[in-house]
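build me a structure from this.
(2 chains)
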Amino acid sequence: MNVNTSSQFQLVNEKGWRRGLGNLLRGEYSSWFKSSRLWKHILIWILIVNGMMGIMVYAAYDAKRNGFEGPPLIYLYGWFGGMFVAFGVMIIMQRVLVKEKQQGTAAWALSKPVTRTAFVVSRLVVNSIAILLTTVIVPGAVLYLTLGLFSDIGWLSPFGFMAGLLMFALHTFYWIAIVLMMGTLVESSSAVMAVPMALYFFSGLGRIWSPPWSTSRRCHCSIALPRINSTPWPLPS
Amino acid sequence: MNGNDFVIHTENLSRSFGEVHALKSLDLRVPPKSIFAFLGPNGAGKTTTIKLLLGLLKPTRGGGKILGMDILRDSVDIRARIGYLPQDARFYEHMTARQTLEYAARFFYAGPQSAINKRVDEMIELVGLEGKADRPIKGFSGGERQRLGIAQAEVNYPDLLILDEPAASLDPQGRRGVLEVMSRLRKYATVFYCTHILDDAQRVSDQVAIVNQGELITQTSIEELLAGTGDLVYSVSLKGNAERAYSQVTQQSWVSKIEVSQNGGGTTWQVSVTDEAAAEDQLMGLLVSNGLKVSNFSRKEQNLEDVFLNIVQRSQK
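Here you go, the predicted structure:
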């Protein structure tokens, strides 16, 4: 550094692949947590996930009043929430690297003393925390309160519910990681979206279309059903 | 000077994108504390060169050193000692100018906060963004973004500043400001910059390299480039029948070419000569002796634009 550099500065002391990681994390954190972005996302996901579940709670109540079997609420939460969140993650995450590459902010950040690994890790860590918070943790907590206060299901075992949310979180993280990985490989948003979407649909179709002699299909049912039955909370009847 | 004495020193630096050879065997030598203009038409390979120097692209062949460090092996260490302004600088829109400068500074300095704040204030003052430092970048004009770009490039006291079209989106006043900042920074750092604005390059640069179609055409000091372009050119404006004078002048051994243009009832000649003394002694006499009225007789100053266009056109033949 030239003669102007004053000894008053403490130099950044990160080594190896972590060069620049701390500052990159700080910058990405500020884009979520020091702006209105986090609150907008929380609001949107509460409206989508909990709004849908609110309708289902009302439908269950209405069905029971008329002597019918109501919708299986927890199962529906997993099915709808999982699908909406997976697509939401694809939409949010496809912008993370591709938009930065297109706009030139990635090139700018990478012109500083940072490694490419640190750049990608910072995006993975902060976006995972923010997306899990906005799409899984907060809507999950609101659902827990909704079921406890407004449904016949009542207060579920908190540990069991948290275990369920953990599965959701893993499922969501899977999509975050796969979309981010696509963002490192290609330059176009549509390509980043297309591969995970194809993966989502074909994995679903694979289950539906699996031949009758396939053990995996029977396996899904035989494993899934006892697990649903053995949940620590009462299933809706 | 040996290789390590140059701030930038490349050897056979090449980059291809499939069948397209964006850069072919570039041998660049940038001396310390110089303002080095890297010129070339669009698509000549200027931005590719900068990306290779910064480690944002990997060369297909060849390599180089910046500040004595290898551009492939020591890329991160190199970036710790340079400042970079990208073409069409873009920053995170949710940040203010002050936050952007602090963010840029924190890639280099862990603290203390007071020293970082002081440096950020200095940079804001350097580029004249005092009134807008706390506004989000989203609302900045192109010129303001460019000035912020220069400030963030200088925030770490770099030994080398790499500027990609620093004055491209600025108005004349903004351009002058950028050139002043570049001149001021010469004391502390080497400035390597690409530009299309040849007038600016002529005004502030000491060294020039011209690249075309991925190949280095020339690299020299600006004085040598302007002086060593071959013929001198005299511009003469004439009135009267110039046919006889034309044939006499073209027969002189020291005249290499005459370009004729008609304007407002008169004729203007651009006379290229190989011998300045002979031209000074004889050209005016030849014209007057043929009964022509000479309303203007001047030596045409070569500027960088003429030289650049000549060199680029010759390299394309």
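
interface residues of the stretch 1-150 of chain B facing chain A?
Residues of the stretch 1-150 of chain B lying near chain A by C-beta under 8 Å from any C-beta of the partner chain: B:51, B:54, B:56, B:76-77, B:79-81, B:84, B:86, B:88-92, B:94-95, B:99, B:103-104, B:106-112, B:115-116. To be clear about C-beta, it is placed using only N, CA and C from the backbone, and glycine gets the same treatment.

just checking, what packs against whichever strand or helix holds residue B:13?
With elements taken from DSSP states H and E, the one containing residue B:13 is strand B:8-17. Helices and strands touching strand B:8-17, as assessed by 3 or more C-beta pairs under 8 Å, 6 or more residues apart in numbering or on different chains; DSSP states H and E, comprise strand B:20-26, strand B:29-30, helix B:46-54, strand B:61-66.

just put these in CSV and tack on mean neighbour count.
As requested, these are arranged in CSV below (neighbours: other C-beta atoms under 10 Å in any protein chain shown):
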stretch, mean neighbour count
strand B:20-26, 19
strand B:29-30, 19
helix B:46-54, 24
strand B:61-66, 20
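
I'd like the mean pLDDT over stretch A:146-155, please.
Stretch A:146-155 shows a mean pLDDT of 82.

ok, and the closest non-adjacent residue to the residue of the stretch 101-250 of chain B found nearest chain A?
For the stretch 101-250 of chain B, the residue closest to chain A is residue B:107, as judged by C-beta to the nearest C-beta, at 3.9 Å. What sits nearest to residue B:107 in space, not counting adjacent residues and going by C-beta to C-beta, 6 or more residues apart in numbering or on different chains, is residue A:112, at 3.9 Å.

so that neighbour: helix, strand or coil?
Judged by DSSP: H, G, I helix; E, B strand; the rest coil, the three-state class of residue A:112 is coil.

just the helices in the stretch 51-200 of chain B please.
Assigned by DSSP state H, counting those that start in this stretch, the helices in the stretch 51-200 of chain B fall at B:75-79, B:97-105, B:113-126, B:142-154, B:172-185, B:198-204.

an error on my part: the question was meant for chain A.
Assigned by DSSP state H, the helices in chain A fall at A:21-33, A:37-45, A:51-65, A:73-76, A:82-103, A:105-110, A:116-132, A:138-150, A:158-185, A:189-209, A:215-229.

give me whichever of those helices is most buried.
Ranked by mean neighbour count, these are led by helix A:105-110 with a mean of 21 (mean count of other C-beta atoms under 10 Å in any protein chain shown).

restricting to C-alpha, output that helix in CSV.
Taking Å, rounded to 0.1, in the frame of the first residue of the first chain, the C-alpha atoms of helix A:105-110 are listed here in CSV:
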residue,chain,number,x,y,z
THR,A,105,-22.4,-5.7,-8.8
ALA,A,106,-20.9,-9.3,-8.6
ALA,A,107,-17.9,-8.1,-10.7
TRP,A,108,-17.5,-5.1,-8.5
ALA,A,109,-17.6,-7.1,-5.3
LEU,A,110,-15.2,-9.7,-6.8
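
returning to what we had before: what's the separation between the residue of the stretch 101-250 of chain B closest to chain A and residue A:30?
Per C-beta to C-beta, to the nearest Å, residue B:107 is found 14 Å from residue A:30.

do the same with residue A:143
Residue A:143 is 29 Å from residue A:30, by C-beta to C-beta.

list the contacts for the spatially most central residue of chain A?
Centroid-nearest residue in chain A, with C-alpha atoms, centre = their mean: residue A:172, separated by 3.4 Å. If you count contacts by C-beta atoms under 8 Å, 6 or more residues apart in numbering or on different chains, residue A:172 has them with A:85, A:86, A:89, A:131, A:132, A:135, A:136.

cool, and residue A:46?
A:138, A:139, A:142.

turn those residues into a markdown table, columns for distance to chain B and pLDDT.
Listed next are these as a markdown table, based on distance: C-beta to the nearest C-beta, whole Å; pLDDT from 0 to 100:
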| residue | distance to chain B | pLDDT |
| --- | --- | --- |
| A:138 | 21 | 94 |
| A:139 | 24 | 91 |
| A:142 | 27 | 92 |
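
okay, now the unreliable bits of the stretch 201-317 of chain B?
For the stretch 201-317 of chain B, applying pLDDT under 70 flags the ranges B:228-231, B:316-317.

close to chain B: what parts of chain A are there?
Selection of chain A residues close to chain B by C-beta under 8 Å from any C-beta yields A:1-6, A:8-13, A:19-20, A:23, A:26-27, A:30-31, A:34-35, A:37, A:103-105, A:107-108, A:110-115.

switch to 7 Å and redo it
Within chain A, the positions near chain B by C-beta under 7 Å from any C-beta of the partner chain are A:1-2, A:4-5, A:8-13, A:19-20, A:23, A:27, A:31, A:35, A:103-105, A:107-108, A:110-115.

filter these to the buried ones?
Neighbour counting with 16 or more other C-beta atoms under 10 Å in any protein chain shown marks A:5, A:9, A:12, A:19-20, A:23, A:27, A:31, A:105, A:107-108, A:110-115 as buried within those.

circling back: return the member of the contacts of residue A:46 nearest to residue B:29.
Within the contacts of residue A:46, the smallest distance to residue B:29 is 58.8 Å, found for residue A:138 (C-beta to C-beta).

right, and the closest one touches residue A:42 too?
Yes. Assessed by C-beta atoms under 7 Å, residue A:138 is found in contact with residue A:42 at 5.3 Å.

OK, contacts around the residue nearest to residue B:107?
A:20, B:79, B:104, B:107 (C-beta atoms under 7 Å, 6 or more residues apart in numbering or on different chains).

tell me the confidence at it?
At residue A:112, pLDDT is 95.

mind checking pLDDT for the closest residue to residue B:207 other than its chain neighbours?
Ranked by C-beta to C-beta, 6+ apart and with sequence neighbours excluded, the top spatial neighbour of residue B:207 is residue B:36, at 4.6 Å. Note for residue B:36: predicted pLDDT of 95.

on the three-state scheme, residue B:36 is what?
Three-state assignment for residue B:36 (three-state DSSP): strand.

that one: how many residues sit nearby?
Neighbour count for residue B:36, taken as other C-beta atoms under 10 Å in any protein chain shown: 23.

wait, what's in contact with it?
With C-beta under 7 Å, 6+ apart, residue B:36 has these contacts: B:30, B:190, B:191, B:192, B:205, B:207.

and it, how far is that from residue B:56?
Using C-beta to C-beta, residue B:36 is found at 20 Å from residue B:56.

what of residue B:46?
Distance, residue B:46 to residue B:56, by C-beta to C-beta: 14 Å.

same check on residue A:31?
From residue A:31 to residue B:56 the distance is 22 Å (C-beta to C-beta).

could I get the contacts of residue A:172 as a markdown table with distance to residue B:285 and pLDDT?
Shown next, in a markdown table, are the contacts of residue A:172 (distance: C-beta to C-beta, whole Å; pLDDT from 0 to 100):
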| residue | distance to residue B:285 | pLDDT |
| --- | --- | --- |
| A:85 | 91 | 86 |
| A:86 | 89 | 87 |
| A:89 | 85 | 90 |
| A:131 | 85 | 95 |
| A:132 | 90 | 95 |
| A:135 | 90 | 92 |
| A:136 | 93 | 91 |
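
looking at the residues you listed, which two lie furthest apart in space?
Farthest pair in the contacts of residue A:172 (C-beta to C-beta) is A:86 and A:132. Separation: 13.1 Å.

could you dump stretch B:273-282 to PDB, C-alpha only?
What follows is stretch B:273-282, C-alpha atoms only, in PDB (Å, rounded to 0.1, in the frame of the first residue of the first chain):
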ATOM      1  CA  VAL B 273       5.200  17.200 -46.400                       C
ATOM      2  CA  THR B 274       8.300  15.200 -45.400                       C
ATOM      3  CA  ASP B 275      10.600  18.200 -45.000                       C
ATOM      4  CA  GLU B 276       9.400  20.900 -42.700                       C
ATOM      5  CA  ALA B 277      12.200  23.400 -43.700                       C
ATOM      6  CA  ALA B 278      11.600  23.000 -47.400                       C
ATOM      7  CA  ALA B 279       7.900  23.500 -47.000                       C
ATOM      8  CA  GLU B 280       8.400  26.600 -44.900                       C
ATOM      9  CA  ASP B 281      10.700  28.100 -47.500                       C
ATOM     10  CA  GLN B 282       9.000  27.200 -50.700                       C
END
